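Novice: coords please:
(one chain, ligands or ions: 1)
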Amino acid sequence: MNSHDVSKDPTFLEHLQRHKENLEVAQGVKGLSARPSMSNGQTLFSFMQQQLVNALADCHWDGKSFKTTFLPPAYPPCIHHIDKLQRIMIKGLSLETHHRGRYLVARTITMTERTTAVRAIVEDEDGDMILLQIYNQEMELGDAQSLRMGTLLIIKEPFVEVTTDGEYGIRVDHISDVSFILDFPGLVHLKRTRYAAQAANASSWKTRGSEHFTKGEFRSAIQCYSKTLEYQPSPELRQIALLNRALCFLKSDCFDSALLDVENVLQTSVLSEKGLFRKAQALYHLQRFEESCETHGIIARNYPDNTMAAREYTRASARLAEQKSGKYNFKRMILEAKKRHPPTLDRGTYIGPVAIKKTQSHGRGLFTTAAVKAGDLLFCEKAFSHAFRDDDDNDPNNLRLLLNADTDKATIGTQVVLIELIAQKLFKNPSLLPAFVDLHHGTYESANVLEVDNVPVVDSFLVERIIALNSFGCPLLSRETHMGGAEMEYEIDHDRLDYEFHSCGVWTMASYINHSCMSNARRAFIGDMMIVRASRDLPADTEITFWYESPMPCVPRNLPMNLQHWDFICDCMLCQDIDSTSKSVLAARERLSSQIPKLIKKNRSNLQLVEAAVSRIADTFPQPAHEIPRLCLYPLYFSLATIHASFNNSEKAIRFGLMTLESLGFVIEGGNVPHVSDTPLSVQKWALMTDEVVRCWMVLCCAYQELAPELASQAEGYARISYRICVGEDESFEQTYSSTLSDRVDGLLMNAE
Ligand SMILES: C[S@@+](CC[C@H](N)C(=O)[O-])C[C@H]1O[C@@H](n2cnc3c(N)ncnc32)[C@H](O)[C@@H]1O
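Specialist: Numbers count the residues shown, from 1 in each chain. Here you go, the predicted structure:
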């Protein structure tokens with residue numbers, strides 16, 4: 001879905017191949033002892049040397065640099081309680097082995113380094129050292145919350161991976177396989193001194209917790225408040241510890257846990273002001289706006305002077321209104337998306353007349369539950385998670401290459417970041433797990449265990465699979481993409497019609513929409529909000545489809561659409577038609593189509609040859625365009641319409657403008673000139689919606705102003721609906737197009753803000 005899949009590009013194929021060869025070589029040493037071959041000093045020195053190398057990008061392509069993340073063959077997370085596992089020491093580890101049924105206790109003895117993983121050297125109770133690489137926690141462990149030197153940790157079922165440079169280390173992919181602890185029974189060598197002098201009582205743990213809180217060290221603060229609760233605190237201290245821990249959970253985006261703590265408080269102190277406020281906040285961030293408003297209602301009634309709560313109540317009410325009505329201030333959203341980095345908008349999700357149902361042949365799909373008109377809002381969804389990349393950003397650490405040997409896929413963009421964001425979000429808020437893991441994940445089988453050792457089990461490889469099959473590449477604003485496409489010369493640049501984006505996200509409702517080249521809906525983006533509108537009039541109970549990848553530019557050899565990235569080949573009417581068309585006809589269409597841009601360039605003022613060639617292509621289509629759209633024709637007709645318009649030949653601009661739309665499958669009445677008065681211009685059937693449709697309606701609008709002024713505003717009305725479908729909103733339409741103020745034949749205001 002516009003993600004940058006480069007699996008077929010030779011540069012990346014070579015990278016992928018090398019990765020697979022490395023995996024094979026590594027298999028040759030599988031089972032050999034991972035007993036340290038270097039002295040501890042050498043291990044530390046080599047780690048520091050490696051840090052310098054890791055700072056550099058490792059892949060260069062098309063003038064861009066990337067950091068590469070290699071996924072190992074998928075392996076499941078540990079699903080056993082620690083009591084059921086046996087301790088292992090570093091000297092007992094074997095290469096390329098998952099030590100099932102085992103756990104290691106170790107302590108970091110270096111600063112951590114953050115590359116494509118968080119890396120540090122750890123030592124065990126015997127004083128042996130090994131490299132540790134923790135994936136999917138780079139953001140979590142890379143800053144103030146960092147894995148500081150001396151952190152004690154348990155690694156469940158450690159996996160020793162031989163790395164590409166022949167070194168080896170423990171690799172942790174699943175967040176739940178590593179836990180950070182304050183102490184562990186029986187440690188002598190690794191015994192932490194940090195808390196040793198401290199009296200082991202509830203109140204001193206609470207004091208420690210508050211010290212960590214003040215420094216923004218929320219994970220440590222949570223650990224200390226948990227200790228407070230273990231040491232049988234007085235009822236007052238218990239309340240304080242729970243409320244403080246809830247606040248730390250809120251600050252760490254652990255909304256489920258925050259809610260649990262405040263519910264605990266509210267059981268005994270029903271009207272605790274802090275308890276109620278923190279509950280309302282947790283519910284807000286879990287997008288449970290109705291419950292958040294209910295809780296705010298209680299605060300407002302009992303604590304009318306709490307101005308902060310009143311402000312938050314207004315905010316939650318606004319979200320609830322959006323969620324229920326689908327009414328948004330889109331202009332404001334655009335401004336916010338431009339200002340915020342990342343462009344995460346504080347908005348509620350609206351789900352309109354749609355429902356998930358089984359389809360006959362391609363799993364589940366999304367269907368209309370009521371009749372809708374072209375342009376109607378189906379839903380406006382906040383991203384479950386969104387990984388943003390500013391296209392002007394040249395930092396290779398922000399542009400990542402993901403190589404997956406299991407699926408033979410190479411993807412450029414922010415997918416790696418999205419894996420981490422989603423794995424973290426699920427780990428911190430397991431109430432969100434069921435909705436996410438329900439998304440399509442092909443044949444990947446995951447352990448069906450949701451929790452172990454009171455910690456949610458999140459399978460990172462499942463997250464990766466779901467992202468690969470359900471994420472959408474996205475621009476900051478679809479309006480910018482729309483205008484970017486229109487900046488091109490009047491002839492359509494075939495290579496630029498499909499866009500690939502480096503930002504990406506997962507929108508769960510949108511993930512149920514299947515692909516069809518004959519799509520009847522379109523998605524648009526404002527920051528992390530996806531807006532899906534019907535692009536045709538749809539009766540109730542119609543399956544909604546959109547393009548995963550656009551079938552345009554329609555070079556016939558590209559159809560049927562092979563959507564290999566999603567493991568299927570499209571069998572829509574359009575693809576079936578191409579499949580059943582003879583090779584010679586397809587070749588003739590392609591040959592003629594390729595001649596036309598040259599003919600136009602050679603002599604723009606004599607277009608007869610071009611028109612004759614276009615008409616010869618049209619003759620090769622046996623079926624009417626409203627049944628089978630003629631994708632290779634619409635850009636040619638549109639070029640003719642715009643060129644004629646630029647020569648002030650309005651009659652021909654209208655003729656070819658209408659033919660452009662008809663070749664996409666539109667059925668339009670009352671548009672021909674000379675116009676029969678009192679016959680309105682009307683779209684009898686909407687069809688494939690490309691960004692050029694908006695421009696085409698505007699070319700018609702400008703041309704009608706001369707020859708049939710009564711039709712101009714109707715054409716502009718259709719341009720507006722088409723714009724709303726492509727861009728997501730039409731509040732910015734006047735800022736983008738004007739048939740009177742623009743110098744262009746399509747009315748685009750080139751310096752539109
Ligand atoms: C994003 S999911 C769409 C929802 C999915 N059908 C489900 O059951 O959850 C993408 C997957 O749906 C299936 N799919 C989508 N469009 C399809 C189509 N036109 N033909 C066959 N399979 C399709 C493919 O298996 C694809 O990998």
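Novice: by mean pLDDT, which helix or strand of the chain comes out lowest?
Specialist: Between all helices and strands in the chain, the lowest mean by mean pLDDT, DSSP states H and E belongs to strand 59-61, at a mean of 64.
Novice: and the stretch 251-400 of the chain, which residues reach the ligand?
Specialist: Neighbours of the ligand within the stretch 251-400 of the chain, by Cβ under 6 Å from any ligand atom: 362-365. Where C-beta positions appear, they are placed from N, C-alpha and C, glycine not excepted.
Novice: give me the helices and strands touching the helix or strand just after the least confident helix or strand of the chain, please.
Specialist: Sequence-wise, the next helix or strand downstream of strand 59-61 (DSSP states H and E) is strand 64-71. Applying 3 or more Cβ pairs under 8 Å, 6 or more residues apart in numbering; DSSP states H and E, one finds that strand 64-71 contacts strand 59-61, strand 400-404.
Novice: angle of the longest one against strand 64-71?
Specialist: For strand 400-404 against strand 64-71, the angle by axes from the mean of the first three to the mean of the last three Cα atoms, to 10 degrees is 30 degrees.
Novice: outside of strand 400-404, which residues touch it?
Specialist: The contact list for strand 400-404 (Cβ atoms under 8 Å, 6 or more residues apart in numbering) reads 6, 12, 15-16, 19, 59, 66-71, 116, 409-417, 464, 468.
Novice: inside helices: which ones of those residues?
Specialist: Mapping the contacts of strand 400-404 onto helices (DSSP state H) picks out 12, 15-16, 19, 415-417, 464, 468.
Novice: and these as CSV, adding pLDDT?
Specialist: Listed next are those as CSV, based on pLDDT from 0 to 100:
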residue, pLDDT
12, 80
15, 79
16, 82
19, 81
415, 88
416, 87
417, 89
464, 94
468, 92
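Novice: quick check: chain neighbours aside, which residue is closest to residue 225?
Specialist: The shortest distance from residue 225 to any non-neighbouring residue, by Cβ to Cβ, 6 or more residues apart in numbering, is to residue 245 (3.9 Å).
Novice: residues contacting the one you found?
Specialist: Per Cβ under 8 Å, 6+ apart, neighbours of residue 245: 209, 221-222, 225-226, 229, 257, 261.
Novice: ok, residue 119 next?
Specialist: Here residue 119 is in contact with 47, 54, 112-113, 131-134, 169 (Cβ under 8 Å, 6+ apart).
Novice: are any of those buried, and which?
Specialist: Using 16 or more other Cβ atoms under 10 Å as the burial test, those include 47, 112-113, 131-134, 169 as buried.
Novice: and the residues you listed, which two are the farthest apart?
Specialist: 47 and 134 (14.5 Å; Cβ to Cβ).
Novice: let's see the pLDDT reported for the residue lying closest to residue 682 once chain neighbours are set aside.
Specialist: Of all residues not flanking residue 682 in the chain, residue 669 sits nearest, at 5.2 Å (Cβ to Cβ, 6+ apart). Among the per-residue scores, residue 669 holds a pLDDT of 96.
Novice: residue 669 contacts residue 675, correct?
Specialist: No: using Cβ atoms under 8 Å, residue 669 makes no contact with residue 675, being 11.5 Å away.
Novice: if you count surrounding residues, which of the two has more?
Specialist: Neighbour count, other Cβ atoms under 10 Å: between residue 669 and residue 675, residue 675 has more, with 17 against 12.
Novice: contacts only, for the more buried one.
Specialist: Counting by Cβ under 8 Å, 6+ apart, residue 675 touches 707-708, 710-711.
Novice: mind listing which of the residues of the stretch 251-400 of the chain next to the ligand are in strands?
Specialist: Using DSSP state E, 364-365 are the members of these that sit in strands.
Novice: of the residues of the stretch 251-400 of the chain next to the ligand, buried ones?
Specialist: Of these, these count as buried by 16+ other Cβ under 10 Å: 362, 364-365.
Novice: per-residue pLDDT of the residue lying closest to residue 110 once chain neighbours are set aside, please?
Specialist: Of all residues not flanking residue 110 in the chain, residue 121 sits nearest, at 4.5 Å (Cβ to Cβ, 6+ apart). Note for residue 121: predicted pLDDT of 92.
Novice: burial measure for residue 121, as a count.
Specialist: Using other Cβ under 10 Å, residue 121 has 23 neighbouring residues.
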